[in-house]
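*Asks:* Build the 3D model from these lines:
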Amino acid sequence: MASQLEKRFENLLIKYTDDTDFIKKFWKNIHNKYSESHRAYHNLNHLEELFRYYDQFESQLETPDTIAFSIFYHDVIYNIWKKDNEERSADYAVDELSKISLSKEILENIQEQILATKTHESSNNDSKLLIDFDLAILGQSEEIYESYTKAIRKEYKLIPNLLYKKGRKKVLLHFLDKKSIYKTETFVSLYEKKARVNLRNELKDL
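*Replies:* Numbers count the residues shown, from 1 in each chain. Reported below is the predicted structural model:
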């Protein structure tokens with residue numbers, strides 16, 4: 001799995017730098033971050049998952065490379081005790097990628113896209129698709145959704161059950177209260193109905 005991601009990363013970076021040492025260093029940093037022991041869901045498997053949607057819907061993306069960078073870096077910083085993971089991930093991405101020949105516009109777009117995965121709101125088409133890639137897990141089969149919820153609970157294993165349920169309920173209601181969970185017509189059509197069923201069922205079982 002990691003080798004496929006690594007190859008994808010190399011193929012992306014080689015467009016912007018011929019410094020293979022930089023590319024290897026950048027990849028090692030990403031690999032190490034997403035392989036941290038506390039990550040049960042927000043790990044390399046999660047990146048693979050998002051890139052499956054990326055490959056499926058690449059034709060709808062206006063700037064595929066920028067979104068690819070954003071996918072690689074969107075959860076690079078992940079600490080359950082912090083509320084600024086997306087901000088820190090965006091800053092980390094900009095700091096790393098400013099070392100190669102990415103334009104200021106691309107760096108700003110990467111930052112905006114990563115921050116959009118926190119707010120789940122954007123007026124930009126590519127950012128909307130990234131949000132939907134990230135939330136697509138909510139609209140999968142009951143079995144896949146259950147595995148996802150177990151992995152999330154494992155990431156928060158240090159949180160007492162009562163507090164976890166309270167926080168999880170808040171998250172579920174945040175999505176259910178939205179007019180639509182997904183930002184694009186494509187994902188609304190594919191996953192909205194099932195996502196709402198999954199969220200309501202989890203909420204009922206809390």
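
*Asks:* Can you pull the poorly scored residue ranges out of the protein?
*Replies:* 1-2 (pLDDT under 70).

*Asks:* go with 90
*Replies:* Within the chain, the ranges that satisfy pLDDT under 90 run 1-3, 101.

*Asks:* Okay, the residue positioned nearest the centre of it and Leu206: tell me how far apart.
*Replies:* Centroid check for the chain by CA atoms, centre = their mean gives Asp134 as the closest residue, at 4.5 Å. Going from Asp134 to Leu206 by CB to CB, to the nearest Å gives 22 Å. All C-beta spots, glycine's among them, are computed from the backbone N, C-alpha and C.

*Asks:* Check Gly139 too.
*Replies:* 19 Å.

*Asks:* Looking at these two, which has the bigger crowd around it?
*Replies:* Gly139 (23 against 11; other CB atoms under 10 Å).

*Asks:* list the contacts for the nearest residue to the more buried one once chain neighbours are set aside?
*Replies:* Nearest residue to Gly139, sequence neighbours excluded (CB to CB, 6 or more residues apart in numbering): Tyr191, at 2.6 Å. By CB atoms under 8 Å, 6 or more residues apart in numbering, the residues touching Tyr191 are Ala136, Leu138, Gly139, Gln140, Ile181, Tyr182.

*Asks:* Now do the contacts for the third one.
*Replies:* Neighbouring residues of Gly139 by CB under 8 Å, 6+ apart: Ile181, Tyr182, Phe187, Leu190, Tyr191, Glu192, Lys193, Lys194, Ala195, Asn198.

*Asks:* Which among these count as buried?
*Replies:* Neighbour-count burial (16 or more other CB atoms under 10 Å) is assigned, among the contacts of Gly139, to Ile181, Tyr182, Phe187, Tyr191, Glu192, Ala195, Asn198.

*Asks:* helix, strand or coil for the first one?
*Replies:* Under DSSP: H, G, I helix; E, B strand; the rest coil, the three-state class of Ile181 is coil.

*Asks:* before we move on, the earlier item: rebuild the buried ones among the contacts of Gly139 as TSV, extending it with distance to Tyr78 and secondary structure.
*Replies:* Shown next, in TSV, are the buried ones among the contacts of Gly139 (distance: CB to CB, whole Å; DSSP: H, G, I helix; E, B strand; the rest coil):
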residue	distance to Tyr78	secondary structure
Ile181	22	coil
Tyr182	23	coil
Phe187	23	helix
Tyr191	24	helix
Glu192	26	helix
Ala195	22	helix
Asn198	22	helix
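
*Asks:* thought Asn125 was touching Ile67?
*Replies:* No - counting by CB atoms under 8 Å, Ile67 is not a contact partner of Asn125; they are 10.3 Å apart.

*Asks:* For those two, work out which one has more neighbours and name it.
*Replies:* Under the criterion of other CB under 10 Å, the comparison of Asn125 against Ile67 puts Ile67 first, with 24 against 14.
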